[in-house]
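>>> sharing a model prediction with you, sequence too.
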Amino acid sequence: MKLKHIAAALALLGAAGVQAQDTVVKIGHSGPLSGAQAFSGKDNENGVRLAVEELNAKPITVAGKKLKFELQSEDDQGDPKAGVAAAQKLIDQGVKYVVGPYNSGVAIPASRAYNDAGVLIASVATNPKLTQQGYKGLFRVNASDSQLGTKMALYAANELKLKTVAVIDDRTAFGQGVAEEFKKQAKAAGMTVAGHEFTTDKAFDFTSILTKLKNKKVEAIFFGGYAPQGAPMARQMKQLGINAKLLGGDTICTAEMGKLGGDAVGENVLCSQGGAILDKAASGPAFKAKFKARFKQEPDVYAAAYYDATMMYAQAMQKTNSLDPQKVGAAISAGAYKGVTGTYSFDEHGDMKQSPVTIFNFKGGQPVPLTTY
């Protein structure tokens with residue numbers, strides 16, 4: 001008889017143990033963790049990792065249970081096909097919350113798969129087409145190409161007083177999008193666009209297209225593309241004696257640009273990046289210090305936005321007392337989240353209502369903020 005009582009008591013204890021267990025919430029990350037853009041992918045992943053570690057150190061409770069967050073990270077190689085495969089992998093693992101993809105060319109096709117599976121996505125991909133698809137659970141946690149390209153053109157016209165510019169794009173969804181927006185605004189601001197050349201995101205020799213533009217005596221070249229191409233482009237401009245400035249979007253606003261470009265990347269290179277100046281943001285310096293202490297390096301372009309996106313998900317889970325992505329997504333759409341880089345509130349397309357753009361140049365190989373537009 002006693003044994004039965006003991007067994008029953010143990011069974012009850014076992015049940016209580018299950019009750020007391022934490023609820024696991026998987027946060028997915030998709031980005032280029034290998035290849036030329038791996039420095040960005042790993043930096044972004046570390047932004048998510050820092051948020052996950054902080055959430056687990058001070059657990060939040062939803063529906064009476066403590067949440068334990070787990071990071072599931074997939075390498076999408078910055079490639080559309082690999083990005084859709086990575087999305088499928090995360091969906092199959094039961095992930096309902098994703099931060100990424102980083103590249104517009106990956107985010108546009110992958111977002112279809114995520115949307116069909118009822119997964120929420122917070123991406124920094126900038127091509128306007130991403131949010132024009134009409135997906136309810138998709139949020140762009142950054143300025144779009146139209147803001148990045150437009151503000152860079154306005155800065156070139158109003159502050160640098162440039163008259164003749166040219167454009168090079170790498171034919172990716174990002175590069176093409178941001179270059180077209182720059183071009184449109186440059187013309188509207190009264191600048192002459194003397195040429196539009198094309199390359200790829202795998203090229204390293206730009207001599208022939210740069211020589212063509214040198215002959216047109218342009219004062220600046222806007223490059224729609226990424227740092228692994230932007231840096232050799234800056235070097236070749238120097239070798240060819242082209243004194244024009246090299247302008248670009250957020251993807252060349254990175255320490256990697258200075259590292260790869262050496263003394264060819266200085267005040268002659270200017271770039272636009274979504275968000276206010278981190279050092280001037282209220283919690284910016286504290287975030288930088290935390291990040292550096294944890295990863296032994298400075299945060300790069302989007303680590304803070306990826307951190308903010310993860311925290312935004314967690315806050316919405318708490319607010320709705322639910323892990324249902326539909327309810328969490330609706331709370332994000334209707335509310336506002338104050339993060340490290342600013343306040344995240346979204347319009348009906350999932351674009352940020354207000355996304356300031358900061359213009360940078362380079363000093364000592366590092367991007368240095370000049371002004372917020």
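Structure's in. What do you need? Residues are numbered from 1 along each chain as shown.
>>> output the longest strand belonging to this protein.
Longest strand in the chain, counting residues (DSSP state E): strand 65-75.
>>> show me what that strand is packed against.
Using 3 or more C-beta pairs under 8 Å, 6 or more residues apart in numbering; DSSP states H and E, the elements in contact with strand 65-75 are strand 23-31, helix 38-57, helix 80-92, helix 303-320. Bear in mind the C-beta positions are built from the backbone N, C-alpha and C, glycine included.
>>> sheet partners, orientation included, of the following helix or strand past the longest one?
I take that to be helix 38-57. Sequence-wise, the next helix or strand downstream of helix 38-57 (DSSP states H and E) is strand 61-62. If you go by DSSP bridges, strand 61-62 pairs up with strand 65-75 (antiparallel).
>>> what comes into contact with stretch 101-116?
30-32, 37, 40-41, 44, 76, 78-80, 82-84, 86-88, 91, 98, 100, 120-121, 123-127, 129-130, 133, 135-138, 145, 172-174, 177, 302 (C-beta atoms under 8 Å, 6 or more residues apart in numbering).
>>> next: stretch 308-316.
Contacts of stretch 308-316 (C-beta under 8 Å, 6+ apart): 27, 47-48, 51-52, 55, 60, 67, 69, 97, 99, 120, 122, 139, 141, 328-329, 331-332, 335, 337, 339-341, 344.
>>> make a ChimeraX selection of the buried ones in those residues.
To isolate the buried members of the contacts of stretch 308-316 in ChimeraX, using 16 or more other C-beta atoms under 10 Å:
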select :27,47,48,51,52,55,67,69,97,99,120,122,139,141,328,329,331,332,337,339,340,341,344
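>>> which residue ranges of the stretch 151-300 of the chain form helices?
173-188, 207-214, 227-239, 255-261, 284-295 (DSSP state H, counting those that start in this stretch).
>>> now those helices in JSON lines, with distance to K363?
Conversion of these to JSON lines gives the following (distance: least, C-beta to C-beta, whole Å):
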{"stretch": "helix 173-188", "distance to K363": "24"}
{"stretch": "helix 207-214", "distance to K363": "24"}
{"stretch": "helix 227-239", "distance to K363": "15"}
{"stretch": "helix 255-261", "distance to K363": "9"}
{"stretch": "helix 284-295", "distance to K363": "17"}
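>>> same list (these) but as a markdown table, adding distance to N158 and mean neighbour count.
Below are these laid out as a markdown table (distance: least, C-beta to C-beta, whole Å; neighbours: other C-beta atoms under 10 Å):
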| stretch | distance to N158 | mean neighbour count |
| --- | --- | --- |
| helix 173-188 | 11 | 23 |
| helix 207-214 | 23 | 16 |
| helix 227-239 | 23 | 23 |
| helix 255-261 | 24 | 22 |
| helix 284-295 | 26 | 15 |
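>>> now distance to D116 and mean pLDDT too, for those, in CSV please.
Output for these, formatted as CSV (distance: least, C-beta to C-beta, whole Å; pLDDT from 0 to 100):
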stretch, distance to D116, mean pLDDT
helix 173-188, 20, 96
helix 207-214, 40, 97
helix 227-239, 32, 98
helix 255-261, 34, 96
helix 284-295, 34, 96
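>>> wait, which of these is closest to S272?
S272 lies closest to helix 173-188 among the helices of the stretch 151-300 of the chain, at 8.8 Å (C-beta to C-beta).
>>> what's that closest one packed up against?
Using 3+ C-beta pairs under 8 Å, 6+ apart, the elements in contact with helix 173-188 are helix 104-116, helix 145-158, strand 164-169, strand 192-198, strand 220-224.
>>> most packed of those?
With neighbours defined as mean count of other C-beta atoms under 10 Å, these peak in mean count at strand 220-224, which reaches a mean of 27.
>>> quick one on the thing from earlier: redo the helices and strands packed on helix 173-188 as a markdown table? Include distance to A244.
Formatted as a markdown table, these follow (distance: least, C-beta to C-beta, whole Å):
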| stretch | distance to A244 |
| --- | --- |
| helix 104-116 | 26 |
| helix 145-158 | 11 |
| strand 164-169 | 8 |
| strand 192-198 | 11 |
| strand 220-224 | 5 |
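>>> can I get the ones you listed in JSON lines including distance to I252 and mean pLDDT?
Below are the helices and strands packed on helix 173-188 laid out as JSON lines (distance: least, C-beta to C-beta, whole Å; pLDDT from 0 to 100):
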{"stretch": "helix 104-116", "distance to I252": "15", "mean pLDDT": "98"}
{"stretch": "helix 145-158", "distance to I252": "11", "mean pLDDT": "95"}
{"stretch": "strand 164-169", "distance to I252": "12", "mean pLDDT": "98"}
{"stretch": "strand 192-198", "distance to I252": "17", "mean pLDDT": "98"}
{"stretch": "strand 220-224", "distance to I252": "7", "mean pLDDT": "98"}
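>>> nearest to K184, out of those?
Here helix 145-158 is closest among the helices and strands packed on helix 173-188 (C-beta to C-beta), at 7.6 Å.
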